[in-house]
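# model this:
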Amino acid sequence: MKQLVKAGTFTALIVVGAWISIPIGPVPFTLQVFFVFLAAYMLGKKYGTLSIATYVLLGAIGLPVFANFKGGAHVLIGPTGGYLFGFILGGFVIGLLSEKRENFVWYLVSGLSGLGIIYLLGVFVLNFYVHDIKKTVALGFAPFIWFDLIKLIVAAAIALRLKKLEVKR
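Numbers count the residues shown, from 1 in each chain. So this is what the prediction gives:
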């Protein structure tokens, strides 16, 4: 039961992260991926994926939980849909790998693996709308990668610190 409460909390945090948004084109700057990292690191593959999938499901049924307060299935089949599905698969991979070892370097490796999946799916789908891979990369990858790497590093450090605090309790 405790893990389900945590999963619900992380779902809410991902929503808040989506609402902290700067629209700059078809893909906005948000803090979603930061909370996807945290959910996967803190909850592992099962409950981390559950929290992320719940977020996507809430948006799919029409709740305005996506960036710029959007919701509905049309968002999932739109230009940013690949990133949203990438959150689920990437979060699963991060959770799976981060369950193997709890150290900073391994969390970075886990996070990079998940982030790669998020970008792969995101850019793949976005390219269906842009029709030019160079432009797609310029719109959906290049402006975000450095900020997402910073989010990854910060999320890994916070997760490890929180896990140490949990053990002490």
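
# Kindly list the longest helix within the chain.
Taking DSSP state H as the criterion, the chain has its longest helix at helix 32-60.

# Would you list the phi and psi of the residue nearest to residue 98 when sequence neighbours are not counted?
In space, residue 98 comes closest to residue 110 once its chain neighbours are excluded; the distance is 4.3 Å by Cβ to Cβ, 6 or more residues apart in numbering. Quick note: C-beta positions are derived from backbone N, CA and C, even for glycine. Main-chain dihedrals, residue 110, degrees, to the nearest 10: phi -60, psi -50.

# rewinding a little: using neighbour counts, pick out the buried residues of the next helix or strand after the longest helix of the chain.
In the C-terminal direction, the helix or strand that comes right after helix 32-60 (DSSP states H and E) is helix 73-76. Buried positions in helix 73-76, judged by neighbour count with 16 or more other Cβ atoms under 10 Å: 75, 76.

# what packs against the lowest-mean-pLDDT helix or strand in the chain?
Least confident helix or strand of the chain, by mean pLDDT, DSSP states H and E, is strand 21-22 with a mean of 88. Contacts defined by 3 or more Cβ pairs under 8 Å, 6 or more residues apart in numbering; DSSP states H and E place strand 21-22 against strand 29-30.
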